[in-house]
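Visitor: pasting the sequence and the predicted coordinates here, then a few questions.
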Amino acid sequence: MNKNFTKRFFEISLGATTWVLLTSPVWLGLLYPPAIVYLLAFFTVYWFYLAIKHFVGLVVGYQRYAKEIKVDWWEQCKKLNFVDLPDKTTLPPSLADVKHFLLIPVVNEPEEVLRGSIDSIFNQSFPTKQVVLVYTMEERFSKEMTARLEKLIRPYESKFHKFMHFVHPAGIEGEAVGVAGANRTWGAKHAIKELEKSGENLRNYIFDTIDSDHVMHKHYLSRVTHIYLTSDRRDCHYYSTAVHLFNNNLWEVPTVMRIEANAITLGTLSGWGWSVEHPTEASFSAYSASLQTLIDANYWDVELGIDDTIFYWRALFARNGDFDGKPHFIPYSADAVQGSTYWGSYKSLYKQLLRWGWGAIDFPLSMQEFLENRKIPLRKKIAWFLKLIERRIILINIVFLITFGFNIVTLVNPLVKQTTFAYSLPNLMSTILTVTLIFLVPSTYYRFRFTDPIPRKWPIYRKALAYLEGPMIIFNMLTFSFFPFIEAQTRLMFGKRMKNLYHTPKVRA
């Protein structure tokens, strides 16, 4: 089968399915009302199931976080007996031989953003003498960024095993603009060449990548080291925290930005909380793997306008399906989206979420590989197909459908109200959705367990409103977690490539 044909088929099918589903209350309401009534009932029950699943995952995930955060993970690393550790062929000879290859892409971040992240690197319990710190910067702002890094790091360069920085040239043909994949690839390839020239054993390296605003907990690298060394088939996993925080500026951003940030924190924690190994969870934002895995995956795809999840897919394909995520619960803290003005924050959030929505490119990418690569187990293909349908279609559209679907049906076909099968649906949906809201109460509790305290200078009414932000996730799912993702899938459906994507600037008040 022609590759271009199958690629376009899957690109079209994702957006087409979304639009068929979104418009189903209209065309099914006219053609066959019972079908849309039962479909809306199914989505309502499914939403209830997701709420219970999220609640349980949140409880379990928080318990694992509370347990891990109390541990001195560097001391635990020093207690490891390398004779007893698994997978000897990929195991470094000793703890002293373990090194971290820490890769950080930058564009034009202000000094205060860089300083917070760099300070967290210096404060790691894992010895910085065993860290190779690599910054890779875009050419456009390379002079400014070089000066900032020289000021912040160069005086302390001797604290690292090596410190390197590289300039990623602008305008390389075929590269997507505005995302970090091409920048990361440039820096990683050049840094690895330098390590090879100096005779370094790359098998001893753990690869980590974070963003320039990420402030790591002091045991972050030690925890990664521990889970890496104690894992069997360590080349067949990536290692990611389940706790993505946004405490750098959480209380400085407008409400919707805070709701989006908290949704990421709680949703990720809940998703990872279920198991110690996740076969259908792609990499996001900050992750680690063996350096050999990065090389085998051939880095990131520089042509695609998405990078975080694409690393996972490239590694999955390189390992013929034998590649999964393993979570730990030691956090880092990032910046929530913030613009230079109030309305600029909303504009910046929409553009960032549009870029994230372009992550839907993983659907045609994975489906095509699943068709061609017979070494990937069928169960893995099915599991990921169902996961992508849920993530890219159902989760984006479900709130819109259960909120407005029945009203649209009765608007286009008023006779539906008189039918027996639709008579009790509004009451059923209302009851289930009301019960579902109860699960937002523990979400609010856990949200405040992770965030910094509300600023004391805030007036009482503003503090009270902060506790009501949990239920506003529904508003967010009807707006900023809805329209950008629909737009991205629609562009993909019509073959409009997003080659020049928005880089979210780091702004501090």
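Guide: It's in.
Visitor: my guess is residue 62 contacts residue 448. True?
Guide: No: with contact defined as CB atoms under 8 Å, residue 62 does not reach residue 448; the gap is 11.7 Å. C-beta here means a position set from N, CA and C on the backbone, and glycine is covered the same way.
Visitor: overlap in contacts of those two?
Guide: Residues touching both residue 62 and residue 448 (CB atoms under 8 Å, 6 or more residues apart in numbering): there are none.
Visitor: the more surrounded of these two?
Guide: More neighbours surround residue 62 than the other of residue 62 and residue 448, with 22 against 14 (other CB atoms under 10 Å).
Visitor: report pLDDT for the more buried one.
Guide: pLDDT for residue 62: 95.
Visitor: equivalent analysis for residue 420, please.
Guide: 68.
Visitor: which residues are contacting the helix or strand hosting residue 432?
Guide: Using DSSP states H and E, residue 432 sits in helix 425-438. Here helix 425-438 makes contact (CB under 8 Å, 6+ apart) with 37, 40-41, 44-45, 47-48, 51, 402, 406, 471.
Visitor: I'd like to know which of those are buried.
Guide: Those of the contacts of helix 425-438 that meet the buried threshold are 37, 40-41, 44, 47-48, 51, 402, 406, by 16 or more other CB atoms under 10 Å.
Visitor: out of those, which is nearest to residue 288?
Guide: In terms of CB to CB, no member of those lies closer to residue 288 than residue 51, at 31.5 Å.
Visitor: wait, that closest one touches residue 439, no?
Guide: Yes: counting by CB under 8 Å, residue 439 is a contact partner of residue 51 at 4.5 Å.
Visitor: these two touch, right, residue 336 and residue 250?
Guide: Yes: counting by CB under 8 Å, residue 336 touches residue 250, with 5.6 Å between them.
Visitor: give me the neighbour count for the nearest residue to residue 39 once chain neighbours are set aside.
Guide: Among residues not flanking residue 39 along the chain, residue 24 sits closest, at 6.6 Å (CB to CB, 6 or more residues apart in numbering). For residue 24, the count of nearby residues is 20 (other CB under 10 Å).
Visitor: now the residue sitting nearest the centre point of the chain, nearest residue through space, not along the chain?
Guide: Geometric centre of the chain, nearest residue: residue 284, 3.1 Å, by CA atoms, centre = their mean. Nearest in space to residue 284, with sequence neighbours left out and distances taken as CB to CB, 6+ apart, is residue 308 at 5.2 Å.
Visitor: quick check: angle from the helix or strand containing residue 52 to helix 425-438?
Guide: Secondary-structure assignment from DSSP H and E places residue 52 in helix 33-68. Relative orientation of helix 33-68 and helix 425-438, computed by axes from the mean of the first three to the mean of the last three CA atoms, to 10 degrees: 10 degrees.
Visitor: list the buried ones in helix 33-68?
Guide: For helix 33-68, by 16+ other CB under 10 Å, it's 33, 36-37, 39-41, 43-44, 47-48, 50-51, 54-55, 57-58, 60-62, 64-65, 68.
Visitor: if I pick residue 283, what's in contact with it?
Guide: For residue 283, the contact set (CB under 8 Å, 6+ apart) comprises 238, 240, 308-309, 311-312, 325.
Visitor: switch to 10 Å and redo it
Guide: Counting by CB atoms under 10 Å, 6 or more residues apart in numbering, residue 283 makes contact with 209, 238-240, 289, 307-313, 315, 325.
Visitor: okay, who's weakest in those residues by pLDDT?
Guide: Among the contacts of residue 283, residue 307 carries the lowest pLDDT, at 78.
Visitor: what about the residue nearest to residue 284, neighbour count?
Guide: Residues lying near residue 308 (other CB under 10 Å) number 21.
Visitor: wait, it sits on residue 210?
Guide: No: the criterion here is CB atoms under 10 Å, and residue 308 misses it with residue 210 at 11.2 Å.
Visitor: C-terminal to the helix holding residue 432, what's the next element?
Guide: Next along the chain after helix 425-438, taking DSSP H and E as the criterion, comes helix 440-450.
Visitor: show me which residues of that next one are buried.
Guide: Using 16+ other CB under 10 Å as the test for burial, helix 440-450 gives 440, 442-444, 446-447, 450.
Visitor: and which of these is nearest residue 372?
Guide: Of the buried residues of helix 440-450, the one sitting nearest to residue 372 (CB to CB) turns out to be residue 443, at 41.2 Å.
Visitor: gap between the closest one and residue 471?
Guide: Using CB to CB, to the nearest Å, residue 443 is found at 9 Å from residue 471.
Visitor: over to residue 101?
Guide: Using CB to CB, we find residue 101 at a distance of 43 Å from residue 471.
Visitor: pop the domain breakdown of the protein in here.
Guide: Following automatic domain parsing, one gets these domains for the chain: 3-60+374-493, 98-345.
Visitor: could you work out the end-to-end span of the last one for me?
Guide: Its start and end residues considered, domain 98-345 measures 41 Å (CA to CA, to the nearest Å).
Visitor: any idea how far that domain is from the middle of the chain?
Guide: Relative to its chain's centre, domain 98-345 lies at 12 Å (CA atoms, centre = their mean, to the nearest Å).
Visitor: check stretch 411-425 too.
Guide: In terms of CA atoms, centre = their mean, the centre of stretch 411-425 is found 41 Å from the chain centre.
Visitor: element containing residue 134?
Guide: Using DSSP H and E, residue 134 falls in strand 131-138.
Visitor: least confident of the domains of the chain, on average?
Guide: Set side by side, the domains of the chain differ in mean pLDDT, and domain 3-60+374-493 is lowest with a mean of 89.
Visitor: next one: that domain to chain centre, how far?
Guide: In this view, domain 3-60+374-493 has its centroid 19 Å away from the chain centroid, taken as CA atoms, centre = their mean.
Visitor: so who does the residue of the chain most remote from its centre touch?
Guide: In the chain, residue 418 marks the outermost C-alpha relative to the chain mean, sitting 45.7 Å out by CA atoms, centre = their mean. Counting by CB under 10 Å, 6+ apart, residue 418 touches no other residue.
Visitor: could you pull out the helices in the stretch 51-200 of the chain for me?
Guide: For the stretch 51-200 of the chain, the helices defined by DSSP state H, counting those that start in this stretch cover 73-78, 111-122, 142-152, 181-197.
Visitor: over to the stretch 351-500 of the chain?
Guide: With DSSP H, counting those that start in this stretch, the ranges of helices along the stretch 351-500 of the chain come out as 362-372, 378-389, 395-412, 420-423, 425-438, 440-450, 460-466, 473-478, 483-493.
Visitor: so residue 355 touches residue 304, yeah?
Guide: No: applying CB under 10 Å, one finds residue 355 not in contact with residue 304, separated by 11.3 Å.
Visitor: the two: which is more packed in?
Guide: For residue 355 versus residue 304, neighbours defined as other CB under 10 Å are more numerous around residue 304 (24 against 20).
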